[in-house]
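# 3D, please:
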Amino acid sequence: MYQEQRETIGTVEAPQTADAEQIGVSPRMLDLLLRVREHLASGAADGRFSMVDWETRSECGTAMCIGGWMACFDGSKPQVAYAYKVDNPRLTPLFFPPREISRSITIAQAIEAIDNFTTRSPGDPRWHEVMAG
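Reported below is the predicted structural model:
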């Protein structure tokens, strides 16, 4: 398995990730996901993050979910996030948290879910634990 080593990204420490095979996604999808994690941790997405939809327009610009940001970094439209889910079904639990919590997910909670998904519980974002904790 992996050893939990830490490196600093922005102001949030990122645990050492599992490899793509352990998580059950392609190396490309893992790379995109880690880029999203770094982007969120840097503060660059403040006011531009929402797990309600792939892409939500507001007065301050466009807010995107984890999959929407992955598509953005991949040079695609945020709606392509759905195709990622189809091509990589292991992303489904990360992209689609339970509906009753999706509106209240913060950037910090999204980072924690990504860390769970990529390190602590490869392939499982553990949304309910993230939201409870």
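# distance between the helix or strand harbouring H128 and the chain's centre?
Here H128 sits within helix 127-132, counting by DSSP states H and E. The chain centroid and the centroid of helix 127-132 are separated by 14 Å under C-alpha atoms, centre = their mean, to the nearest Å.
# Please point out which parts of that helix sit buried.
127, 130-131 (16 or more other C-beta atoms under 10 Å). Backbone N, C-alpha and C define where each C-beta goes, glycine included.
# Distance to A63 added to those residues, as CSV?
CSV is the format used below for the buried residues of helix 127-132 (distance: C-beta to C-beta, whole Å):
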residue, distance to A63
W127, 19
V130, 19
M131, 19
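# Go through those and name the one nearest R28.
W127 (23.8 Å; C-beta to C-beta).
# Once you drop chain neighbours, what's closest to that closest one?
Closest residue to W127 apart from its sequence neighbours, by C-beta to C-beta, 6 or more residues apart in numbering: P97 at 4.2 Å.
# Before I go, just wanted to say thanks for your time.
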